[in-house]
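J.: Build me a model:
(one chain, ligands or ions: 1)
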Amino acid sequence: MGISEKLGVIGERRPTDPVPVPGCDVCASAYGVREPARAEGRSLAVLSCNGVIAGHPHGRGGRT
Ligand SMILES: [Zn+2]
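T.: Numbering: from 1, shown residues only. Okay, the predicted model is just below:
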């Protein structure tokens, strides 16, 4: 999937949107930025936040 294809789908909730892990400060922070960014149409910020949520490690059983 190319970047333009990804940008084309911003604005609707995608099944591939990474879901923040409950109790994770990193996820909570990124999610708190992503949703307003999506509402404002800031596609790059949305993609960045998705990358953060999907890209940082969680130990098995979660991290507190
Ligand atoms: Zn997290």
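J.: residues from this protein in reach of the ion?
T.: Contacts of the chain with the ion, taken as CB under 5 Å from the ion, map to 21, 24, 26-27. No exception for glycine: its C-beta is placed from N, CA and C like everyone else's.
J.: cutoff 8 Å now
T.: 20-21, 24-28, 30, 53, 56, 58, 63 (CB under 8 Å from the ion).
J.: close enough to count as contact, Ala30 and Pro20?
T.: Yes - taking CB atoms under 8 Å as the definition, Ala30 is a contact partner of Pro20 at 6.9 Å.
J.: Per-residue pLDDT of Thr16, please?
T.: Here, the pLDDT recorded for Thr16 equals 72.
J.: before we move on, what about Lys6?
T.: Reported pLDDT for Lys6: 56.
J.: right, and the helix or strand after the lengthiest helix in the chain?
T.: Taking DSSP state H as the criterion, the chain has its longest helix at helix 25-39. On the C-terminal side of helix 25-39, the closest following helix or strand by DSSP states H and E is helix 43-55.
J.: Could you list every helix and strand in contact with that following helix?
T.: Using 3 or more CB pairs under 8 Å, 6 or more residues apart in numbering; DSSP states H and E as the contact test, the elements touching helix 43-55 are helix 3-8, helix 25-39.
J.: And the contacts of that helix?
T.: 6-7, 10, 17-20, 26-27, 30-31, 33-34, 37-38 (CB atoms under 8 Å, 6 or more residues apart in numbering).
J.: I'd like to know how many residues surround Cys27.
T.: As a burial measure, Cys27 scores 22 neighbours (other CB atoms under 10 Å).
J.: residues in contact with the longest helix of the chain?
T.: 10-11, 20-21, 45-46, 49-50, 52-53, 56.
J.: Just among the residues you listed, which is most surrounded?
T.: Busiest of the contacts of helix 25-39 [other CB under 10 Å] is Cys49, holding 25 neighbours.
J.: so what's the nearest residue to Val19 once chain neighbours are set aside scoring on pLDDT?
T.: The spatial neighbour of Val19 that comes closest, neighbours along the chain excluded (CB to CB, 6 or more residues apart in numbering), is Ile53 at 7.5 Å. We have a pLDDT of 95 for Ile53.
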